[in-house]
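> can't give you the sequence, but here's the structure:
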């Protein structure tokens with residue numbers, strides 16, 4: 001498992017292998033999402049802070065393994081690819097506006 005840090009703060013973890021984790025977490029699409037998604041009322045990433053992908057700590061792995069992913073299917077035999085889980089509380093301002 002690998003963790004994305006922003007200015008050394010752990011922000012997201014994935015169960016992807018290293019190369020795929022780097023591709024996912026450092027992709028332009030994901031970076032754009034980081035600029036839109038907010039934590040504590042501010043964007044997760046300002047577009048300038050240092051992004052880094054590193055091996056996940058044991059604590060981060062435990063948090064990931066204990067997460068309840070909303071799987072629509074109970075079929076444990078079928079792998080759907082890597083998951084990305086945020087390690088901070090995240091809101092999407094576009095969704096908040098839609099609910100208002």
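Arrived safely, thanks for sending. Nothing here was measured: the structure is a model prediction, and the numbers come from that model.
> Give me the residue at the spatial middle of this protein.
For the chain, the residue nearest the mean C-alpha position is residue 12 (3.4 Å; Cα atoms, centre = their mean).
> which residues touch the residue lying closest to residue 55 once chain neighbours are set aside?
Spatial nearest neighbour of residue 55, chain neighbours left out: residue 2 (6.1 Å); criterion: Cβ to Cβ, 6 or more residues apart in numbering. C-beta here means a position set from N, CA and C on the backbone, and glycine is covered the same way. Residues near residue 2 by Cβ atoms under 8 Å, 6 or more residues apart in numbering: 13, 14, 16, 18, 21, 22, 25, 53, 54, 55, 56.
> now the strands for the protein?
With DSSP state E as the criterion, the chain has strands at 2-6, 9-14, 38-39, 42-43, 51-55, 84-86.
> partner strands of the fourth one, parallel or antiparallel?
Looking back up the chat, that one is strand 42-43. If you go by DSSP bridges, strand 42-43 pairs up with strand 38-39 (antiparallel).
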